[in-house]
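A.B. asks: sharing a model prediction with you, sequence too.
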Amino acid sequence: MKQLFVVILAAGKGKRMVSDLPKVLHKVGDIPLLGHVLATAEVLGATARFVVCGYGSEVVKATFSSDEGIVWVEQTQQFGTGHAVAQVIPLLDKDGVVLVLYGDVPMIQPNTLQPLIEEANRGCLALLTAELANPTGYGRIIRDGHGCLQRIVEEKDTNPIERCLREINTGIMAISVEKLRSWLTELSNDNAQGEYYLPGIIDLAVRDDVPVKTFTATEPAEVRGINNRMQLVEMERFYQERQAKTLLANGVTLLDPKRFDIRGSVITGRDVVINVDVVFEGTVTLGSRVTIGPFCLLRDVTIGDDVEILSHCRIEGAIVGDGARVGPFARLRPYTQLAAGVHIGNFVETKNVSVDYGSKINHLTYIGDAEIGSNVNIGAGTITCNYDSINKHKTIIEDGAFIGSNSSLVAPVRIGKGATVGAGSAVNRDVPDSSLCLTRAHRRDIINWKRPV
């Protein structure tokens, strides 16, 4: 196999997006369109990935600055796809194969492209086509009476008969560097747009008796380009439906496959059940027999086996141990670590907290910057006062402690093993093991007191 050079055309502004953001940075599944294409090129094992950029190039480059495998090529003036590819040619080793992709065609898959690369390695020009119910906007494939490709006509240059054809040119092709370099110099801009169209090399291949092999995409959505907001929405739905099919094939129960979103990656165990309107972001790992209630968001989390997440929970940057129960209406913020069997209840918020085995925080509570031992019970309305407006301080609650409702633990403070804090206490000093701490004021009753009017 020859070296594979993937050239991704991403210079367009995307006027129909009505946006200041370059078109290739709009997102599907929370990943920029260009990001999807770059990932596909990487899976194919490309020797190098060349991105031809133009409008908003600095923003585009900055978005992918962490990806060291990209070679950026500027197309300062857009004179068509042939002109764009020509900007890359001087950088390519002649003993290689070029695969041309598009930064606004995000769903193209490696297994669809592999046959094109193989044919290009055999000396052919390989072209991907598709049958579309609505081919508007695409160049049409013109074949002879034997079904062989004769030429490609851009839509603006078609006659009424050609415009009715449904087989379209996707623009995706593979060809040897040597042949491509030669043919690009012969392209003409004698057309309605005055541009150098890359498909023009098809005519030159036929002229030079170079075999032209066509492959038809089995899934038309793979080759659809994104040019406006409606197409972006439609592609998002296609992407999410494909994600849903993958989860279902892996044994996950989705109560409604059309009502959930993956905006990252999800790894699942067996017998997972996901209710409606659940959103996954970043990297999410779910153990076996996990159940997730409706209207939850999970971002960059690891969930153990047999965990139950009730409705309306937001969990991010957290680790949840086996058999834990969370929610409803709970918020686990980054660096929350829950051991096995922990219960986090309704309207509880945690941040930078470790909670050991079997402890319970069931109602209306904020716990931040704390270490909580095993079998601790924290009553409703408890807060750790961890921030003094300058620094964060830690609260430590040791095994078996009981915190009464409506208590304020003013950090830094330690609650000893088996200690009890009475309801309504404000604790600002350490509490010894197995002791009772009460800080309530003595009660006063004023008889016959009159409320002001």
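C.D. replies: Arrived safely, thanks for sending.
A.B. asks: where's residue 27 relative to residue 63, distance?
C.D. replies: Using Cβ to Cβ, to the nearest Å, one gets 11 Å for the distance from residue 27 to residue 63. Every residue, glycine included, has its C-beta placed from N, CA and C.
A.B. asks: show me the contacts for residue 28.
C.D. replies: 36, 106, 107, 226, 232, 235, 236, 239 (Cβ atoms under 8 Å, 6 or more residues apart in numbering).
A.B. asks: can you redo the residues you listed as TSV with neighbour count and distance to residue 394?
C.D. replies: TSV is the format used below for these (neighbours: other Cβ atoms under 10 Å; distance: Cβ to Cβ, whole Å):
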residue	neighbour count	distance to residue 394
36	22	43
106	30	45
107	23	48
226	26	49
232	18	46
235	23	47
236	17	43
239	20	43
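A.B. asks: can you flag which of these belong to helices?
C.D. replies: When DSSP state H is applied, those are split such that 36, 232, 235, 236, 239 fall in helices.
A.B. asks: spatially, which residue comes closest to the first one, not counting chain neighbours?
C.D. replies: The shortest distance from residue 36 to any residue that is not its chain neighbour, by Cβ to Cβ, 6 or more residues apart in numbering, is 3.6 Å, and that residue is residue 106.
A.B. asks: now that neighbour: how far from residue 8?
C.D. replies: Relative to residue 8, residue 106 is positioned 11 Å away (Cβ to Cβ).
A.B. asks: intersection of neighbour lists for the two?
C.D. replies: Overlap between the contact sets of residue 106 and residue 8, as judged by Cβ under 8 Å, 6+ apart, is given by 34, 37.
A.B. asks: so the residue nearest to residue 36 sits against residue 38, correct?
C.D. replies: No. Taking Cβ atoms under 8 Å as the contact criterion, residue 106 and residue 38 are not neighbours in contact, 10.0 Å apart.
A.B. asks: next, the buried residues of the lowest-mean-pLDDT helix or strand in the chain.
C.D. replies: Per-element confidence for the chain was summarised using mean pLDDT, DSSP states H and E. The lowest value among helices and strands belongs to strand 149-153, with a mean of 83. Residues 149, 152, 153 are the ones in strand 149-153 that count as buried (16 or more other Cβ atoms under 10 Å).
A.B. asks: which ones are touching residue 318?
C.D. replies: Residue 318 makes contact with 301, 302, 332, 333, 334, 335, 336, 337, 338, 350, according to Cβ under 8 Å, 6+ apart.
A.B. asks: generate a ChimeraX selection restricted to the buried entries among those.
C.D. replies: Typed into ChimeraX, the next command selects the buried ones out of the contacts of residue 318 (criterion: 16+ other Cβ under 10 Å):
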select :301,302,332,333,336,337,338,350
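A.B. asks: let me have the contacts of residue 318 in JSON lines, extended by distance to residue 255.
C.D. replies: As requested, these are exported to JSON lines (distance: Cβ to Cβ, whole Å):
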{"residue": "301", "distance to residue 255": "20"}
{"residue": "302", "distance to residue 255": "23"}
{"residue": "332", "distance to residue 255": "23"}
{"residue": "333", "distance to residue 255": "27"}
{"residue": "334", "distance to residue 255": "28"}
{"residue": "335", "distance to residue 255": "31"}
{"residue": "336", "distance to residue 255": "27"}
{"residue": "337", "distance to residue 255": "29"}
{"residue": "338", "distance to residue 255": "25"}
{"residue": "350", "distance to residue 255": "27"}
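A.B. asks: include distance to residue 250, pLDDT and secondary structure when you put the contacts of residue 318 into TSV, please.
C.D. replies: Output for the contacts of residue 318, formatted as TSV (distance: Cβ to Cβ, whole Å; pLDDT from 0 to 100; DSSP: H, G, I helix; E, B strand; the rest coil):
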residue	distance to residue 250	pLDDT	secondary structure
301	18	98	strand
302	17	98	strand
332	25	98	strand
333	29	98	coil
334	28	98	coil
335	29	98	coil
336	27	98	strand
337	27	98	strand
338	25	98	strand
350	30	98	strand
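A.B. asks: that older thread, pull the residues that contact the least confident helix or strand of the chain.
C.D. replies: Under the criterion Cβ under 8 Å, 6+ apart, external residues in contact with strand 149-153 comprise 127, 139-144, 162, 169, 199, 202-203, 206, 212, 214.
A.B. asks: check these and tell me the two furthest apart.
C.D. replies: When these are compared pair by pair using Cβ to Cβ, the two farthest from each other are 162 and 212, 18.3 Å apart.
A.B. asks: which of these two has more residues huddled nearby?
C.D. replies: Neighbour comparison, residue 162 and residue 212: the larger count goes to residue 212, with 18 against 14 (by other Cβ atoms under 10 Å).
A.B. asks: list the beta-bridge partners for that one.
C.D. replies: residue 125 (DSSP bridges).
A.B. asks: pretty sure it sits against residue 203.
C.D. replies: No. If you go by Cβ under 8 Å, residue 212 and residue 203 don't touch, sitting 10.0 Å apart.
A.B. asks: tell me where the model's unsure across this structure.
C.D. replies: With pLDDT under 70 as the threshold, the chain has no low-confidence stretch at all.
A.B. asks: domains of it?
C.D. replies: For the chain, the domain assignment from automatic domain parsing gives the residue ranges 3-223, 229-437.
A.B. asks: same list (the ones you listed) but as TSV, adding distance to residue 449.
C.D. replies: As requested, those are arranged in TSV below (distance: least, Cβ to Cβ, whole Å):
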stretch	distance to residue 449
domain 3-223	60
domain 229-437	22
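A.B. asks: list the contacts of the nearest residue to residue 114 once chain neighbours are set aside.
C.D. replies: Using Cβ to Cβ, 6+ apart and skipping the chain neighbours, the partner closest in space to residue 114 is residue 44 (7.3 Å). Contact partners of residue 44, counting by Cβ under 8 Å, 6+ apart, are 4, 6, 99, 110, 113, 114, 117.
A.B. asks: pull the number of nearby residues for the first one.
C.D. replies: So that's residue 4. Look at residue 4: counted by other Cβ under 10 Å, it has 20 neighbours.
A.B. asks: would you say it is within a strand?
C.D. replies: Yes. Secondary structure assignment (DSSP: H, G, I helix; E, B strand; the rest coil) places residue 4 inside a strand.
A.B. asks: OK, contacts around the closest residue in space to it that isn't next to it in sequence?
C.D. replies: Setting aside the residues directly before and after it, residue 4 is nearest to residue 46 in space (Cβ to Cβ, 6+ apart), at 5.0 Å. Residues counted as contacts of residue 46 (Cβ under 8 Å, 6+ apart) are 4, 5, 6, 99.
A.B. asks: A helix includes residue 46, no?
C.D. replies: No. Note on residue 46: no helix contains this position according to three-state DSSP, which reports coil.
A.B. asks: where's it relative to residue 173, distance?
C.D. replies: In terms of Cβ to Cβ, residue 46 sits 15 Å off from residue 173.
A.B. asks: residue 405 now?
C.D. replies: Here residue 405 is placed at a distance of 69 Å from residue 173 (Cβ to Cβ).
A.B. asks: more neighbours, these two?
C.D. replies: For residue 405 against residue 173, the residue with the higher neighbour count under other Cβ under 10 Å is residue 173, and the figures read 26 against 17.
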